[in-house]
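Novice: can you look at this prediction? I've put the sequence above it.
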2 protein chains.
Amino acid sequence: MVVEIDGMQESNLLTTLEDIGLRKTSARVAVTAQIENTSDSFTAEQLCRDLPYVGRATVYRTIRHLVDAGALCKLPILDGAPMYSIARVEHHHHTICTKCGSVGEFRHTTVERVMRSLEKEIDGRITGHRMEIFIICSKCLAE
Amino acid sequence: MVVEIDGMQESNLLTTLEDIGLRKTSARVAVTAQIENTSDSFTAEQLCRDLPYVGRATVYRTIRHLVDAGALCKLPILDGAPMYSIARVEHHHHTICTKCGSVGEFRHTTVERVMRSLEKEIDGRITGHRMEIFIICSKCLAE
DNA sequence: TGATTAGTTGAAACCTAGTATCATTTAAAA
DNA sequence: TTTTAAATGATACTAGGTTTCAACTAATCA
Ligand SMILES: [Mn+2]
Ligand SMILES: [Mn+2]
Ligand SMILES: [Zn+2]
Ligand SMILES: [Zn+2]
(Lines give C-alpha, C1' and ligand atoms only; values in the text may rest on other atoms or scores of the structure.)
(Ligands and ions follow the chains in the order given, each with its own letter.)
Protein backbone atom coordinates (compact mmCIF):
# COMPACT_ATOMS: atom_id res chain seq x y z
CA MET A 1 0.00 0.00 0.00
CA VAL A 2 1.32 3.38 -1.08
CA VAL A 3 1.00 6.18 1.45
CA GLU A 4 1.61 9.54 -0.15
CA ILE A 5 2.92 12.09 2.30
CA ASP A 6 2.10 15.68 1.77
CA GLY A 7 1.80 19.23 2.92
CA MET A 8 2.73 21.44 5.80
CA GLN A 9 2.96 19.62 9.06
CA GLU A 10 4.61 21.11 12.13
CA SER A 11 8.33 20.85 11.49
CA ASN A 12 10.20 23.81 12.96
CA LEU A 13 13.65 23.37 11.60
CA LEU A 14 14.93 26.13 13.86
CA THR A 15 14.03 24.07 16.92
CA THR A 16 15.92 21.15 15.41
CA LEU A 17 19.02 23.31 15.22
CA GLU A 18 18.61 24.54 18.80
CA ASP A 19 18.09 20.97 19.97
CA ILE A 20 21.51 20.08 18.54
CA GLY A 21 22.93 22.85 20.70
CA LEU A 22 23.34 25.47 17.99
CA ARG A 23 22.62 29.14 18.62
CA LYS A 24 19.52 30.90 17.38
CA THR A 25 20.93 33.46 14.96
CA SER A 26 19.28 35.73 12.44
CA ALA A 27 20.89 33.82 9.57
CA ARG A 28 19.48 30.53 10.85
CA VAL A 29 16.05 32.07 11.40
CA ALA A 30 16.08 33.31 7.80
CA VAL A 31 17.25 30.02 6.27
CA THR A 32 14.84 27.78 8.16
CA ALA A 33 11.91 30.13 7.56
CA GLN A 34 12.65 30.20 3.83
CA ILE A 35 12.81 26.41 3.66
CA GLU A 36 9.52 26.09 5.52
CA ASN A 37 7.85 28.60 3.23
CA THR A 38 9.05 26.71 0.16
CA SER A 39 6.44 23.96 0.09
CA ASP A 40 8.41 22.20 -2.67
CA SER A 41 11.86 20.69 -2.77
CA PHE A 42 14.79 22.99 -3.48
CA THR A 43 18.50 23.17 -4.23
CA ALA A 44 21.13 24.93 -2.14
CA GLU A 45 21.72 27.48 -4.89
CA GLN A 46 18.01 28.32 -5.06
CA LEU A 47 18.09 29.01 -1.35
CA CYS A 48 21.14 31.25 -1.80
CA ARG A 49 19.35 33.25 -4.48
CA ASP A 50 16.26 33.58 -2.28
CA LEU A 51 18.37 34.81 0.64
CA PRO A 52 20.88 37.25 -0.83
CA TYR A 53 21.64 38.72 2.59
CA VAL A 54 22.79 35.37 3.99
CA GLY A 55 26.27 34.20 3.01
CA ARG A 56 26.65 31.13 0.80
CA ALA A 57 28.81 29.40 3.37
CA THR A 58 26.13 29.85 6.03
CA VAL A 59 23.38 28.56 3.76
CA TYR A 60 25.41 25.45 2.96
CA ARG A 61 26.41 24.96 6.60
CA THR A 62 22.81 25.23 7.77
CA ILE A 63 21.61 22.73 5.20
CA ARG A 64 24.33 20.33 6.28
CA HIS A 65 23.30 20.62 9.92
CA LEU A 66 19.68 19.90 9.02
CA VAL A 67 20.57 16.90 6.87
CA ASP A 68 22.84 15.50 9.59
CA ALA A 69 20.02 15.94 12.08
CA GLY A 70 17.65 14.06 9.77
CA ALA A 71 15.34 17.05 9.33
CA LEU A 72 16.06 17.37 5.61
CA CYS A 73 16.33 14.69 2.92
CA LYS A 74 19.14 15.11 0.46
CA LEU A 75 18.45 13.33 -2.76
CA PRO A 76 20.96 12.87 -5.52
CA ILE A 77 20.13 14.18 -8.96
CA LEU A 78 22.20 12.40 -11.57
CA ASP A 79 23.24 15.53 -13.44
CA GLY A 80 23.33 18.54 -11.19
CA ALA A 81 22.91 19.68 -7.64
CA PRO A 82 21.14 17.53 -5.06
CA MET A 83 17.59 18.44 -4.09
CA TYR A 84 16.47 18.88 -0.50
CA SER A 85 13.06 18.43 1.05
CA ILE A 86 11.75 18.45 4.59
CA ALA A 87 11.70 14.95 6.03
CA ARG A 88 8.24 14.57 7.48
CA VAL A 89 8.54 10.89 8.35
CA GLU A 90 11.46 8.74 9.38
CA HIS A 91 11.96 6.57 6.33
CA HIS A 92 10.45 7.09 2.93
CA HIS A 93 11.16 7.23 -0.78
CA HIS A 94 10.72 9.83 -3.49
CA THR A 95 8.97 10.40 -6.74
CA ILE A 96 10.77 12.79 -9.04
CA CYS A 97 9.08 14.44 -12.00
CA THR A 98 11.63 14.32 -14.80
CA LYS A 99 9.90 17.25 -16.50
CA CYS A 100 9.54 19.87 -13.75
CA GLY A 101 11.74 18.37 -11.04
CA SER A 102 9.06 18.33 -8.35
CA VAL A 103 9.66 15.78 -5.63
CA GLY A 104 7.05 13.77 -3.74
CA GLU A 105 7.49 11.54 -0.74
CA PHE A 106 5.86 8.18 -0.13
CA ARG A 107 6.08 5.04 1.88
CA HIS A 108 5.30 1.61 0.51
CA THR A 109 4.78 -1.25 2.89
CA THR A 110 5.43 -3.98 0.30
CA VAL A 111 8.73 -2.42 -0.73
CA GLU A 112 9.86 -2.34 2.88
CA ARG A 113 8.80 -5.95 3.37
CA VAL A 114 10.71 -6.99 0.25
CA MET A 115 13.78 -5.15 1.57
CA ARG A 116 13.70 -7.09 4.80
CA SER A 117 13.39 -10.35 2.88
CA LEU A 118 16.45 -9.40 0.79
CA GLU A 119 18.67 -9.44 3.85
CA LYS A 120 18.96 -13.23 3.62
CA GLU A 121 19.76 -13.21 -0.06
CA ILE A 122 22.27 -10.40 -0.54
CA ASP A 123 25.95 -11.07 0.04
CA GLY A 124 27.00 -8.81 2.92
CA ARG A 125 25.08 -6.95 5.63
CA ILE A 126 22.36 -4.54 4.48
CA THR A 127 22.57 -1.14 6.19
CA GLY A 128 19.99 0.79 4.20
CA HIS A 129 18.42 1.41 0.86
CA ARG A 130 17.21 4.15 -1.41
CA MET A 131 14.55 4.18 -4.07
CA GLU A 132 13.37 6.81 -6.48
CA ILE A 133 10.48 6.56 -8.88
CA PHE A 134 10.71 8.74 -11.94
CA ILE A 135 7.41 10.12 -13.12
CA ILE A 136 5.74 12.74 -15.25
CA CYS A 137 3.62 14.38 -12.59
CA SER A 138 -0.10 14.96 -13.09
CA LYS A 139 0.50 18.71 -13.36
CA CYS A 140 2.98 18.22 -16.22
CA LEU A 141 0.73 15.64 -17.90
CA ALA A 142 -2.13 18.17 -17.86
CA GLU A 143 -0.17 20.70 -19.92
CA MET B 1 14.17 -13.95 -6.24
CA VAL B 2 17.48 -12.13 -6.24
CA VAL B 3 19.72 -12.78 -9.22
CA GLU B 4 23.22 -11.54 -8.58
CA ILE B 5 25.02 -10.60 -11.74
CA ASP B 6 28.72 -10.96 -11.88
CA GLY B 7 31.97 -11.20 -13.67
CA MET B 8 33.42 -10.80 -17.10
CA GLN B 9 31.00 -11.48 -19.85
CA GLU B 10 31.66 -10.49 -23.45
CA SER B 11 31.01 -6.76 -23.60
CA ASN B 12 33.35 -5.00 -26.03
CA LEU B 13 32.70 -1.38 -25.36
CA LEU B 14 34.74 -0.42 -28.40
CA THR B 15 32.28 -2.22 -30.66
CA THR B 16 29.47 -0.31 -28.97
CA LEU B 17 31.17 2.95 -29.94
CA GLU B 18 31.70 1.81 -33.53
CA ASP B 19 28.08 0.70 -33.72
CA ILE B 20 27.01 4.27 -32.89
CA GLY B 21 29.07 5.38 -35.88
CA LEU B 22 32.09 6.65 -33.97
CA ARG B 23 35.62 6.16 -35.27
CA LYS B 24 38.03 3.64 -33.82
CA THR B 25 40.77 5.84 -32.37
CA SER B 26 43.72 5.03 -30.14
CA ALA B 27 42.20 7.09 -27.33
CA ARG B 28 38.95 5.11 -27.51
CA VAL B 29 40.82 1.82 -27.65
CA ALA B 30 42.73 2.82 -24.52
CA VAL B 31 39.69 4.01 -22.57
CA THR B 32 37.47 1.02 -23.34
CA ALA B 33 40.29 -1.45 -22.69
CA GLN B 34 41.00 0.16 -19.33
CA ILE B 35 37.33 0.01 -18.33
CA GLU B 36 37.12 -3.65 -19.33
CA ASN B 37 40.25 -4.48 -17.37
CA THR B 38 38.87 -2.75 -14.27
CA SER B 39 36.59 -5.52 -13.04
CA ASP B 40 35.15 -3.14 -10.45
CA SER B 41 33.20 0.09 -10.74
CA PHE B 42 35.15 3.30 -11.20
CA THR B 43 34.94 7.09 -11.32
CA ALA B 44 35.86 9.29 -14.27
CA GLU B 45 38.78 10.76 -12.34
CA GLN B 46 40.15 7.30 -11.57
CA LEU B 47 40.09 6.55 -15.27
CA CYS B 48 41.93 9.81 -16.02
CA ARG B 49 44.63 8.90 -13.52
CA ASP B 50 44.96 5.42 -15.03
CA LEU B 51 45.29 6.87 -18.53
CA PRO B 52 47.60 9.88 -18.21
CA TYR B 53 48.24 9.94 -21.96
CA VAL B 54 44.55 10.40 -22.80
CA GLY B 55 43.12 13.89 -22.31
CA ARG B 56 40.54 14.49 -19.61
CA ALA B 57 38.04 15.80 -22.14
CA THR B 58 38.31 12.63 -24.19
CA VAL B 59 37.90 10.38 -21.15
CA TYR B 60 34.75 12.25 -20.13
CA ARG B 61 33.41 12.30 -23.68
CA THR B 62 33.95 8.57 -24.10
CA ILE B 63 32.21 7.79 -20.84
CA ARG B 64 29.28 9.93 -21.90
CA HIS B 65 28.97 8.09 -25.22
CA LEU B 66 28.98 4.74 -23.42
CA VAL B 67 26.36 5.85 -20.88
CA ASP B 68 24.15 7.25 -23.64
CA ALA B 69 24.48 3.97 -25.51
CA GLY B 70 23.45 2.06 -22.38
CA ALA B 71 26.76 0.21 -22.14
CA LEU B 72 27.71 1.83 -18.83
CA CYS B 73 25.61 2.48 -15.74
CA LYS B 74 26.11 5.81 -14.07
CA LEU B 75 25.13 5.74 -10.47
CA PRO B 76 24.88 8.76 -8.25
CA ILE B 77 26.95 8.87 -5.10
CA LEU B 78 25.47 11.30 -2.62
CA ASP B 79 28.75 13.03 -1.78
CA GLY B 80 31.13 12.90 -4.67
CA ALA B 81 31.58 11.81 -8.22
CA PRO B 82 29.24 9.27 -9.81
CA MET B 83 30.46 5.70 -10.19
CA TYR B 84 30.33 3.82 -13.45
CA SER B 85 30.07 0.10 -14.09
CA ILE B 86 29.58 -1.99 -17.19
CA ALA B 87 25.89 -2.69 -17.76
CA ARG B 88 25.71 -6.43 -18.32
CA VAL B 89 21.91 -6.64 -18.38
CA GLU B 90 19.22 -4.23 -19.48
CA HIS B 91 17.63 -3.23 -16.19
CA HIS B 92 19.04 -3.86 -12.77
CA HIS B 93 19.84 -2.31 -9.42
CA HIS B 94 22.95 -1.88 -7.34
CA THR B 95 24.40 -2.78 -4.02
CA ILE B 96 26.96 -0.29 -2.75
CA CYS B 97 29.39 -1.11 0.04
CA THR B 98 29.50 2.00 2.22
CA LYS B 99 32.91 0.97 3.52
CA CYS B 100 34.96 0.22 0.37
CA GLY B 101 32.63 1.60 -2.33
CA SER B 102 32.43 -1.60 -4.33
CA VAL B 103 29.32 -1.87 -6.46
CA GLY B 104 27.34 -5.02 -7.24
CA GLU B 105 24.50 -5.49 -9.68
CA PHE B 106 21.34 -7.51 -9.15
CA ARG B 107 17.84 -8.03 -10.41
CA HIS B 108 14.92 -8.79 -8.17
CA THR B 109 11.72 -10.10 -9.67
CA THR B 110 9.53 -9.11 -6.71
CA VAL B 111 10.80 -5.54 -6.76
CA GLU B 112 9.98 -5.27 -10.44
CA ARG B 113 6.53 -6.72 -9.85
CA VAL B 114 5.90 -4.24 -7.04
CA MET B 115 7.01 -1.42 -9.35
CA ARG B 116 4.47 -2.40 -11.96
CA SER B 117 1.74 -2.54 -9.31
CA LEU B 118 2.67 1.00 -8.18
CA GLU B 119 1.68 2.43 -11.54
CA LYS B 120 -1.98 2.44 -10.50
CA GLU B 121 -1.31 4.07 -7.17
CA ILE B 122 1.17 6.86 -7.86
CA ASP B 123 -0.11 10.23 -9.00
CA GLY B 124 1.36 10.79 -12.48
CA ARG B 125 2.85 8.46 -15.09
CA ILE B 126 5.78 6.31 -14.01
CA THR B 127 8.70 6.42 -16.45
CA GLY B 128 11.34 4.55 -14.48
CA HIS B 129 12.85 3.83 -11.12
CA ARG B 130 16.14 3.43 -9.35
CA MET B 131 17.08 1.46 -6.28
CA GLU B 132 20.28 1.11 -4.35
CA ILE B 133 20.92 -1.16 -1.42
CA PHE B 134 23.63 -0.03 0.96
CA ILE B 135 25.66 -2.84 2.45
CA ILE B 136 28.86 -3.74 4.21
CA CYS B 137 30.19 -6.27 1.74
CA SER B 138 31.36 -9.71 2.85
CA LYS B 139 34.97 -8.73 2.13
CA CYS B 140 34.75 -5.70 4.44
CA LEU B 141 32.89 -7.71 7.11
CA ALA B 142 35.72 -10.28 7.09
CA GLU B 143 38.34 -7.70 8.05
C1' DT C 1 23.39 45.93 33.05
C1' DG C 2 27.63 45.62 30.79
C1' DA C 3 31.89 42.52 30.28
C1' DT C 4 33.33 38.13 28.67
C1' DT C 5 33.86 34.52 25.48
C1' DA C 6 32.90 30.84 22.55
C1' DG C 7 30.09 30.19 18.62
C1' DT C 8 28.81 32.24 14.16
C1' DT C 9 29.22 34.81 10.07
C1' DG C 10 30.50 35.90 5.30
C1' DA C 11 33.97 37.66 1.87
C1' DA C 12 37.37 35.65 -0.40
C1' DA C 13 40.24 32.10 -1.73
C1' DC C 14 40.16 27.59 -2.85
C1' DC C 15 38.74 22.92 -4.53
C1' DT C 16 36.64 19.11 -7.29
C1' DA C 17 34.19 17.54 -11.07
C1' DG C 18 33.10 18.42 -15.40
C1' DT C 19 32.30 21.23 -20.01
C1' DA C 20 33.47 24.45 -23.97
C1' DT C 21 36.80 26.20 -27.17
C1' DC C 22 39.63 25.66 -30.90
C1' DA C 23 44.10 24.91 -33.28
C1' DT C 24 46.14 20.59 -34.47
C1' DT C 25 45.97 15.77 -35.63
C1' DT C 26 44.05 11.58 -37.54
C1' DA C 27 40.78 7.94 -39.34
C1' DA C 28 38.75 6.62 -43.09
C1' DA C 29 36.64 7.48 -47.58
C1' DA C 30 37.64 8.57 -52.23
C1' DT D 1 47.83 9.39 -51.92
C1' DT D 2 44.73 13.07 -51.18
C1' DT D 3 40.89 14.86 -48.94
C1' DT D 4 38.01 16.04 -45.23
C1' DA D 5 35.07 15.46 -41.45
C1' DA D 6 35.76 13.67 -37.01
C1' DA D 7 38.50 13.47 -32.96
C1' DT D 8 41.90 15.07 -29.76
C1' DG D 9 43.75 17.54 -25.82
C1' DA D 10 45.76 21.87 -23.79
C1' DT D 11 43.65 25.49 -21.89
C1' DA D 12 40.15 28.22 -20.14
C1' DC D 13 35.96 28.17 -18.03
C1' DT D 14 31.84 26.86 -15.09
C1' DA D 15 29.05 24.88 -11.25
C1' DG D 16 28.68 23.44 -6.87
C1' DG D 17 30.53 23.43 -2.71
C1' DT D 18 34.22 23.93 1.30
C1' DT D 19 37.94 26.28 3.95
C1' DT D 20 39.89 30.18 6.08
C1' DC D 21 39.93 33.72 9.21
C1' DA D 22 39.10 38.44 10.87
C1' DA D 23 35.02 40.58 12.45
C1' DC D 24 30.67 40.01 14.79
C1' DT D 25 27.13 38.43 18.07
C1' DA D 26 24.38 35.27 21.15
C1' DA D 27 24.37 33.57 25.39
C1' DT D 28 26.35 33.28 29.92
C1' DC D 29 27.96 35.53 33.90
C1' DA D 30 29.52 39.30 37.42
MN1 LIG E 1 12.33 1.90 1.89
MN1 LIG F 1 13.93 -2.26 -10.99
ZN1 LIG G 1 6.19 17.67 -13.17
ZN1 LIG H 1 33.15 -3.36 1.00
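Specialist: Yep, it's here. Ligands and ions are numbered 1, 2, ... in the order given.

Novice: buried stuff in the one helix or strand residue A:18 maps to?
Specialist: Using DSSP states H and E, residue A:18 maps to helix A:13-19. Neighbour-count burial for helix A:13-19 flags A:13, A:14, A:16, A:17 (criterion: 16 or more other Cβ atoms under 10 Å in any protein chain shown). Every C-beta, even on glycine, is put in place using the N, C-alpha and C of the backbone.

Novice: spell out which parts of chain A neighbour ligand 3.
Specialist: Within chain A, the residues that sit near ligand 3 (Cβ under 5 Å from the ion) are A:97, A:99, A:100, A:102, A:137, A:140.

Novice: before we move on, back to that, export the buried residues of helix A:13-19 to CSV and tack on pLDDT?
Specialist: Below are those laid out as CSV (pLDDT from 0 to 100):
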residue, pLDDT
A:13, 97
A:14, 97
A:16, 97
A:17, 98
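
Novice: so where do the helices sit in chain A?
Specialist: Ranges of helices in chain A, per DSSP state H, are A:13-19, A:26-37, A:44-50, A:56-68, A:109-118, A:138-142.

Novice: turn those helices into JSON lines, including distance to ligand 4.
Specialist: Output for the helices of chain A, formatted as JSON lines (distance: least, Cβ to the ion, whole Å):
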{"stretch": "helix A:13-19", "distance to ligand 4": "32"}
{"stretch": "helix A:26-37", "distance to ligand 4": "35"}
{"stretch": "helix A:44-50", "distance to ligand 4": "30"}
{"stretch": "helix A:56-68", "distance to ligand 4": "23"}
{"stretch": "helix A:109-118", "distance to ligand 4": "17"}
{"stretch": "helix A:138-142", "distance to ligand 4": "39"}
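
Novice: where does pLDDT dip in chain A?
Specialist: A:1, A:5-11 (pLDDT under 70).

Novice: what does it put close to DNA strand C?
Specialist: A:22-23, A:25-28, A:53-58, A:61-62, A:79 (Cβ under 7 Å from any atom of the strand).

Novice: for DNA strand C, what's the nearest residue on chain A?
Specialist: residue A:55 (2.4 Å; Cβ to the nearest atom of the strand).
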